[in-house]
Each structure stands twice: as C-alpha cells, then as structure tokens.
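In: Could you look at this predicted model? Sequence included:
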Amino acid sequence: MQTVLTIQTAGPGLYEFTPQVAGWVSGEGLLTLFVRHTSCSLLIQENADPGVQADLRTFFLRLVPRGDDPSMRWLSHVLEGPDDMPAHIRAALLPVSLSIPVRDGRLMLGRWQGIYLFEHRDRPQRREVAAHLG
Amino acid sequence: MQTVLTIQTAGPGLYEFTPQVAGWVSGEGLLTLFVRHTSCSLLIQENADPGVQADLRTFFLRLVPRGDDPSMRWLSHVLEGPDDMPAHIRAALLPVSLSIPVRDGRLMLGRWQGIYLFEHRDRPQRREVAAHLG
Amino acid sequence: MQTVLTIQTAGPGLYEFTPQVAGWVSGEGLLTLFVRHTSCSLLIQENADPGVQADLRTFFLRLVPRGDDPSMRWLSHVLEGPDDMPAHIRAALLPVSLSIPVRDGRLMLGRWQGIYLFEHRDRPQRREVAAHLG
C-alpha cells in the first residue's frame, strides 16, 4: 500500500504530521516514509515541550550556519541563495527515510515520539513524503 | 513477525545487542529496528576495538556538550536536567531506525559491524527497541 | 529479492550508483539498501550541481577532521591511520541504510535525488551494498 503525503511549509522549522500518518496506516506491518527532497528532512522527536523543537532548530543553525555567515565563505554552491547549500548539508545529517513497525493498526511510536518534516529552506515549500506500508 | 527487545542501560555509551537480534531473526527477509525513545539512538559500528566506541562517545560529547557547559547557554529546554536536551540533539543526529537484509536466517552485516543502543542520558534506563521481520 | 551491489572507490568523496539500483528494481514494493562497512556511508543528495557534492565533502572534513589534525589529538583509535577513526565518526553521522518505495518498477526518488556511496577512507576500497526488494 502506497501513497504520497504532502506537507506545506512556511520557513525553517519542524512541522508535525503524525496524525496524517496515523490516520493512513492499518493492520500489521512496516511503515516506511521517504522524503522526495534534498533540502528538508524527516525526524522523529519529542512532541511534548515546543522548546525541544526550538532548540533542535537552533542547534542545526549553529552547526551549519547560513551561507551569508562569515564562517561559511568556503561554500561553492551559492547560486540558489544563502539558505540552499546549508539545507543540503542539514539534509545529509538528518533522516531521509524512516521505518516504523505497525501493530493492530497503530504506529509503534513511543509515548513522546512525534513524526516531523524538518524544513531547512526559507521560502514556503510543498513537500512530498512517499509512504509505503508492507 | 514482530517483537520488542529491551535493553537496560547504565549511563551514556554504546551497548551492543547484536546477539539478541541475531538470535531472533530467521529465514529470508528484511529486519527493521526502531527505538521508541528520543534520548537514545540505534547505531551500527565497528565491534573490534573498544577504542572506536569510546571515541564515538567523546565526539558526540564534544559536538553536543552537556547543558551545563558554558557553550550551551542558548538551550531553552533545561527543566529535565543538563543531559536531556543534548540527548535529544544527539538522537536527531543518529539513527532512530535501521533496516538490515536477512538471508538464510542470518543478518547481512559486514564482518566488523555490530548493532548498538547508544544511550545519551545519565541515569539508568530501560530502553525498548521494536523489531519487525518481513 | 536480494542482491549485493559492489562499488569501487578511489579516495574520499561521493560515488553515484543510482543507475545500478534503478536497473535492478521492478514491480511495486520497498527497496532497502544497507552498506556492509563502518567507514563509508549511503547518502541521497542532489545530483545536479557537482558543487553540492564537493561542499558536502568539505563540510564533513571540517566537522570531523583527519586524525593528524591538531584538533583531533583526543582520538584513541589511531592504529589504522589518520583517516580511520574520522571515517567511523562520519559513518555514524550519515546513513548506513536507506529505504525507498518503488512503484511501477521505478524508484520514487524526487527529481533531483541521486543515490550515493560516500567514501570516507583514503585508499581504494571495494564496497558492498546489500539490496532488498520486498
């Protein structure tokens, strides 16, 4: 069983889409999510304190600053804007695919786990996540 | 076929559980492991020299220091202790799920590959890893 | 359906093998790739501008410098050469397995996504990637 979920983003940050996924799975099997882009990521993270998501965003901005930061003068791929190459680097450090067992129609997530699309680009984007249940 | 493996940890570091996994798989298929927490990780790494595991632990401690390190004053999520938010960040950088083909009842691991639970928190924890063989 | 793909490398960098994978898959299902080594990685990244690949390589060299760099004097696992422990660390930060849905015999990759073997070691290597289609 396959589908493509779409997630609209509006700037860098984490966008939870656990309900979209939970509503689609059924039965027993393995759910796989795959994001069809190289400048955003999938992530499973804590869904309780929004501070966790803010800190995650800050960490990755500090680890991989924007292209117009003096520390990033070594970048060669700069034509698509100061947010583009850092987005590719963050996409290398974070998951492009996730696999989650499903039992009795429910994702076997832990109590505090939510599924997020981590947007790395500035402008609004329509992101596609391919989903496979097998 | 599904199960939940439990791994008891006693502080930060790598805990190998390859034998538990190898003893559970059979036949031909795909094994998927999924850790049901956001402050520890799964990892496949070298199982020969324990120095590799020590260096991995040191690297992640240097890349993402504890919350009481002066360089981490920017953290906002600090209520759960100085080891908590760094644990979430390390969990974002390391795998939450792993998929390994199985052939003739054996994991298709390379010669030097072991499967580890990478604990990021200070206190002892009972960690759950959901396993799916399909 | 399972196979092992081999990729010959000649020093650090990204080696695209999308065509090898695309030529092997068929029907509808889930493709999983698993690299049987702990000093190289799998990666899905932009396949348009080679500058992206060069910048990714530079970023990981700066984040995890070679063992003979003064900033890496803390390493304990040094017997296998100055490129070995940094390779293990980069392998922890980058994917060891990837899962990609397949529909109508085609990988559901996005338009700009290519599949790469990211080599972290200096000397030429013959790398094995286990592939499972289920």
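Out: Cool, the structure landed.

In: contacts, neighbours, all on C-alpha from now
Out: Fine.

In: State the number of residues packed around the closest residue to chain C within chain A.
Out: Residue of chain A nearest chain C, by C-alpha to the nearest C-alpha: residue A:36 (4.3 Å). If you count neighbours by other C-alpha atoms under 10 Å in any protein chain shown, residue A:36 ends up with 23.

In: What does the closest residue to it other than its chain neighbours show for phi and psi?
Out: Excluding the flanking residues, the one nearest residue A:36 by C-alpha to C-alpha, 6 or more residues apart in numbering or on different chains is residue C:110, at 4.3 Å. Residue C:110 adopts backbone torsions of phi -70, psi 170, taken as degrees, to the nearest 10.

In: Just to check, residue A:13 is in contact with residue A:116?
Out: No. Proximity of residue A:13 to residue A:116 does not meet the contact threshold set by C-alpha atoms under 8 Å, at 9.4 Å.

In: now the helix of greatest length in chain A: how far from the chain's centre is it?
Out: With secondary structure taken from DSSP state H, chain A has its longest helix at helix A:50-63. Centroid separation for helix A:50-63 versus its chain: 13 Å, with C-alpha atoms, centre = their mean, to the nearest Å.

In: can you tell if it touches chain C?
Out: No. Among the residues of helix A:50-63, none lie within reach of chain C under C-alpha under 8 Å from any C-alpha of the partner chain; the closest is 8.9 Å away.

In: C-alpha coordinates for the next helix or strand after that helix, CSV please?
Out: Downstream of helix A:50-63, the first helix or strand assigned by DSSP states H and E is helix A:84-93. Coordinates of each C-alpha in helix A:84-93 appear next as CSV, following Å, rounded to 0.1, in the frame of the first residue of the first chain:
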residue,chain,number,x,y,z
ASP,A,84,20.3,26.4,-0.1
MET,A,85,23.7,24.6,0.5
PRO,A,86,23.3,24.7,4.3
ALA,A,87,19.9,23.0,3.7
HIS,A,88,21.6,20.2,1.7
ILE,A,89,24.1,19.7,4.5
ARG,A,90,21.5,19.5,7.2
ALA,A,91,19.6,17.1,4.9
ALA,A,92,22.7,14.9,4.9
LEU,A,93,22.8,14.9,8.8
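
In: Can you name the residues of chain A that neighbour chain B?
Out: Taking C-alpha under 8 Å from any C-alpha as the criterion, chain A approaches chain B at residues A:29-30, A:43-46, A:49, A:51-52, A:54-56, A:59, A:93-95, A:98-101, A:108-113.

In: hmm, try it at 7 Å
Out: For chain A, the residues in contact with chain B (C-alpha under 7 Å from any C-alpha of the partner chain) are A:43, A:45-46, A:51-52, A:55-56, A:93-94, A:98-101, A:109-110, A:113.

In: Narrow those residues to just the buried residues.
Out: Taking 16 or more other C-alpha atoms under 10 Å in any protein chain shown as the criterion, what is buried in the residues of chain A next to chain B is A:43, A:45-46, A:51-52, A:55-56, A:93-94, A:98-101, A:109-110, A:113.

In: that older thread, the longest helix of chain A: which residues count as buried?
Out: Quick answer for helix A:50-63 (16+ other C-alpha under 10 Å): A:51, A:52, A:53, A:55, A:56, A:57, A:58, A:59, A:60, A:61.

In: try stretch A:17-25
Out: Neighbour-count burial for stretch A:17-25, with 16+ other C-alpha under 10 Å as criterion, is recorded at A:18, A:24, A:25.

In: hang on, the earlier thing: thought the residue of chain A closest to chain C was touching residue C:109?
Out: Yes. Between residue A:36 and residue C:109 there is a contact under C-alpha atoms under 7 Å: 5.7 Å.

In: and residue A:120, what does it touch?
Out: Contact analysis of residue A:120 by C-alpha atoms under 7 Å, 6 or more residues apart in numbering or on different chains lists A:12, A:13, A:39, A:40, A:87.

In: Going by neighbour count, which of those residues are buried?
Out: Of the contacts of residue A:120, these count as buried by 16+ other C-alpha under 10 Å: A:12, A:13, A:39, A:40, A:87.

In: check contacts around the first one.
Out: Residues in contact with residue A:12, defined by C-alpha under 7 Å, 6+ apart, are A:119, A:120, A:121, A:122.

In: again, only using 10 Å
Out: Going by C-alpha atoms under 10 Å, 6 or more residues apart in numbering or on different chains, residue A:12 touches A:40, A:57, A:61, A:83, A:87, A:118, A:119, A:120, A:121, A:122, A:123, A:124.

In: So residue A:102 is in contact with residue A:26, correct?
Out: Yes. Between residue A:102 and residue A:26 there is a contact under C-alpha atoms under 10 Å: 7.5 Å.

In: Between the two, which has more neighbouring residues?
Out: Neighbours per residue (other C-alpha under 10 Å) separate residue A:102 from residue A:26, with residue A:102 holding more: 23 against 15.

In: Show me what that one is bridged to.
Out: On the basis of DSSP bridges, residue A:102 is bridged to residue A:29, residue A:107.

In: Nearest to chain B: which residue in chain A?
Out: For chain A, C-alpha to the nearest C-alpha, closest residue to chain B: residue A:110, 4.4 Å.

In: Right, I'll call it a day here.
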